[in-house]
Structure formats: C-alpha cells, structure tokens
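Trainee: Give me a 3D structure for the following:
(one chain, ligands or ions: 1)
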Amino acid sequence: CGQCVAYCPTGALAIRNDVDKVYKAIEEGKYVIGMVAPAVRASLQEEFGLEDDVAAAGRMVSLLKMIGFKKVFDVAFAADLVTYEEAHEFIERLEKGEKLPQFTSCCPGWVKFAEQYYPEYLNHLSSVKSPQMALGAIIKRFYAKEIGVDPKDIFLVSIMPCTAKKFEAEREEFQGDVDVVLTTREVVKVIKSTGIDIRTVDPEPFDRPFGLSSQSGLSFGKSGGVLGSVVNVVDEFIGIKNLETKQLSEGVRLTTLELSNGKVVKAIAVFGLGNTRKIVDSIKTGELDVDIVEVMACNYGCIGGGGQPYPNDVRTRERRARILKEVQSIDVLISPTENFHMLQLYEKYLKKPLSHEAHEVIHTHYKHRRRVQEEEIDILPLPEESED
Ligand code: SF4
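Mentor: Numbering: from 1, shown residues only. The predicted structure is shown next:
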C-alpha cells in the first residue's frame, strides 16, 4: 500500500474489517481524522508496558500520524461540550419542573436498554448527543468547511473503549458522521502491526481546536464523571452551598446538593444494567425520588468497557481509574467553562446552549425499539456487564 506500507506488514492489516476500512481510506487519499475517548488512554498502557505513563495518549497521537492520520482530536473536548449543554438542559428542566429525573445519554448501551425496556422514560433522557456523535457532527458540518475539505472526503475514525459505540455510529439519525469505530483492542492491534515500539515515540498533543479539554471532560471515562461534570457547571451557573455523597451500594452513589437558590437536588450515578434496572424500577414505583441520573452500562463506566484489553477485572478497572485520575490531575483546566476552544465554537456556530443551532447539530431523539434487530446482534451485543 501507499504511505502505510512502511509500517504495516501485509496481512497484519487484516485484523478485522473495521481496521481494514481505516487503511483503505488512507490508501484512497481520504482526509483521515482520529478522535480518542478518555478511557482509552487509561488502558492503552497495559498492552505496551507503559504503566503510569501519562503521555501514552500523546504517543498514540504521534503514531497514528505516522500511519497516515491527518489530525487526531480528543473526545474529551466533546465531553466538555456535552456537559455544558446537558447542564443547561438540566437547569431548564429544574426551573420548569418537567421531564425529571433527567437521565444522561452518552452511553449507547444504556440508551438502547432504555429504548427497549423503558420507552416511557425516553423523553427524560438528555437529548444531547454523546461526545463521539457530537464531535462527529461538528467535524463534518463545521470543521470540514474551515479546512476546505468536502465532508465526503473526510474519514472519521473514533477510538473507543466500547463495542456499543459501533452500533451508535451506525444509527440512522447520525447520518454516518463517524465513519468507523475502533475499540481499544483494535487500535492496540493497529499499533502493534506497525512494528514501531510506541515507548520510543515522542508524544505530541492532540490537534487544535478539538484537542483541548478540562478535567471534567476527561472524567467521562469513569462512572460518576458525567454527573460530576454537570455538577461543576451547575455550580458555576446557580451555585452550590452544600454537597453530600453517599455510596448506597456497589455501583450506586447518591449525591445531595443544596443549591444557592434554596433548591435541593438529588443525583444518582449508577453503573451496570442490573443496578440500572433496580434504580429505574424504584423511580417508577415512586420509592426513589431523584432529579438526575447518570447511567453507565459497564462496571466502573467506560474504563471497564467491552472494547478494552483483557483482563478487564475489578483490579484492572481500579488501576485504570487511578491512571485516568492522574491524567486528569495534570490538566490545568478544571471545568468545561474554562475550555476556550469550546466557548469559541459557541461564539462562531452554536450561539448559546440549547439554541436552535445547537439543537440542529448536537442534539438527537430516541425511539422505542421493540426488539433487538438481528443485524445489531451481529455487530455488537450489549456490553459485557462484568467479568468479575
Ligand atoms: Fe460504552 Fe460501556 Fe462506556 Fe457505555 S459504559 S459508553 S457501553 S464503554
């Protein structure tokens, strides 16, 4: 093949169809763009003896460029954007007292579960797209114009800890904004197939403008991260006087917030679909009264995703959570509201949170699914709940 032949021995590329698609796009001269989810950088190290290397993501950026990627962006940027939008959606619902509790919707495993089993709650899900799909839409609608490339010539590769993200990218409402999703395991194979020792590669930062992110954006990689980020934004816009957190059981954490306007808000972060079923059923019967719920289908959130390397046990997930925390701690931006490039995106294109423009590009809707389609089962099952 063309440029990639230097790094990819023939045959090593035939890892699976999705990987082949990436190399085909490079060969065809497409403008290949990568985007990397927060949780990937916490597990990539496991396969390369890069334990505790906070520059692992930067080394991956360099290596993907060597293969032929033109740009590599950070999905944590889009996590900032999604948080900002979702927090405003929550504030609006709180003020109006409608569609509460608000459920997060960035986990496609949970969204699909809700569409199949809890259709009566679909309008309670945040209508903001997941970070993957929001960034995909922004790149194809706005960024393509800025760089003067036809969106049809852009090939967008999303690198995710998650098998359910493949299904999400193929949903008809997203119009193919993301061309292919590679899991962490697949991207590890791609890196290994180059024959380059990633430990020797100098790290480089994610490309601008979608390379900047806050600690909040990075926290999307683990359970509780989305909720914590929304709370940060609520604190800035309304103010929080008191905050108390209580672990109710394994995978279920309750946070009680006393807002400056006197309102008391109850927030739950839950992981695992078994736990989720119990929580949603308790909300249905009125046993549980909460205002906002974060749901992550995988244990510990995306760090324990179905596309992550093996083993994917409790010990490994705890180590990934620690690594992600270290990566977060060296980020100088704390809240999405400090993300200059995100604010610029509003200034130039989206105007303000929940605007008509924002709804057009980064919001979506959900539909009742009576049963899982057969082709969906082939592409991906719901994420593994646990291998513990
Ligand atoms: Fe995917 Fe699991 Fe993360 Fe949900 S929690 S987005 S299914 S990796």
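
Trainee: now the strands: where do they sit in the stretch 151-300 of the chain?
Mentor: In the stretch 151-300 of the chain, the strands defined using DSSP state E, counting those that start in this stretch lie at 154-160, 180-183, 240-249, 252-259, 264-271, 292-296.

Trainee: mind checking how far Ser219 is from Glu168?
Mentor: Going from Ser219 to Glu168 by Cβ to Cβ, to the nearest Å gives 20 Å. (Each C-beta comes from the backbone N, C-alpha and C, glycine too.)

Trainee: how about the residues of the protein near the ligand?
Mentor: The chain has residues 107-109, 161-162, 164-165, 296-298, 301-302, 305, 383 near the ligand, with proximity defined as Cβ under 6 Å from any ligand atom.

Trainee: Show me which of the residues you listed is closest to Gly58.
Mentor: Distance to Gly58 across the residues of the chain next to the ligand (Cβ to Cβ) is lowest for Pro161, with 18.0 Å.

Trainee: burial of the closest one, as a residue count?
Mentor: If you count neighbours by other Cβ atoms under 10 Å, Pro161 ends up with 30.

Trainee: Need the phi and psi values for the residue in the stretch 201-350 of the chain that the ligand sits nearest to.
Mentor: Taking Cβ to the nearest ligand atom, the ligand has its nearest neighbour within the stretch 201-350 of the chain at Gly305, 2.7 Å off. Gly305 adopts backbone torsions of phi -60, psi 160, taken as degrees, to the nearest 10.

Trainee: so who does it touch?
Mentor: By Cβ atoms under 8 Å, 6 or more residues apart in numbering, Gly305 lies in contact with Ala39, Met160, Pro161, Cys162, Thr163, Thr183, Thr184, Cys298, Pro383.

Trainee: Ok, Val180 next?
Mentor: So Val180 contacts Asp18, Lys21, Val22, Phe155, Leu156, Val157, Ser158, Ala169 (Cβ under 8 Å, 6+ apart).

Trainee: Buried among those residues? Need that as a selection in PyMOL.
Mentor: Here is the PyMOL command that selects the buried residues among the contacts of Val180 (16 or more other Cβ atoms under 10 Å):
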select buried, resi 18+22+155+156+157+158+169
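
Trainee: Mind putting the contacts of Val180 into CSV with distance to Arg322?
Mentor: Putting the contacts of Val180 into CSV (distance: Cβ to Cβ, whole Å) gives the following:
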residue, distance to Arg322
Asp18, 30
Lys21, 34
Val22, 31
Phe155, 35
Leu156, 31
Val157, 28
Ser158, 25
Ala169, 30
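
Trainee: Quick check: which of the contacts of Val180 has the minimum pLDDT.
Mentor: Of all those, Asp18 carries the smallest pLDDT score, 89.

Trainee: Setting aside sequence-adjacent positions, which residue approaches Ala37 most closely?
Mentor: Excluding its sequence neighbours, the residue lying closest to Ala37 (Cβ to Cβ, 6 or more residues apart in numbering) is Val75, at 4.5 Å.

Trainee: and that neighbour, how many neighbours does it have?
Mentor: 30.

Trainee: That one: what's it in contact with?
Mentor: By Cβ under 8 Å, 6+ apart, the contact list for Val75 reads Met35, Val36, Ala37, Pro38, Pro131, Gln132, Leu135, Ser158, Met160, Phe220.

Trainee: Distance to Ser193 and pLDDT added to the residues of the chain next to the ligand, as CSV?
Mentor: Formatted as CSV, those follow (distance: Cβ to Cβ, whole Å; pLDDT from 0 to 100):
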residue, distance to Ser193, pLDDT
Cys107, 30, 97
Pro108, 28, 96
Gly109, 28, 96
Pro161, 20, 96
Cys162, 22, 94
Ala164, 25, 94
Lys165, 22, 95
Met296, 31, 97
Ala297, 30, 97
Cys298, 27, 96
Gly301, 29, 96
Cys302, 25, 96
Gly305, 22, 95
Pro383, 26, 44
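
Trainee: And for Phe48, the neighbour number?
Mentor: By other Cβ under 10 Å, the residues close to Phe48 number 17.

Trainee: Regarding the chain, what is its longest helix?
Mentor: Criterion DSSP state H: the longest helix present in the chain is helix 75-96.

Trainee: pLDDT on that helix, on average?
Mentor: In this model, helix 75-96 has an average pLDDT of 97.

Trainee: what's the angle from it to strand 292-296?
Mentor: 150 degrees (axes from the mean of the first three to the mean of the last three Cα atoms, to 10 degrees).
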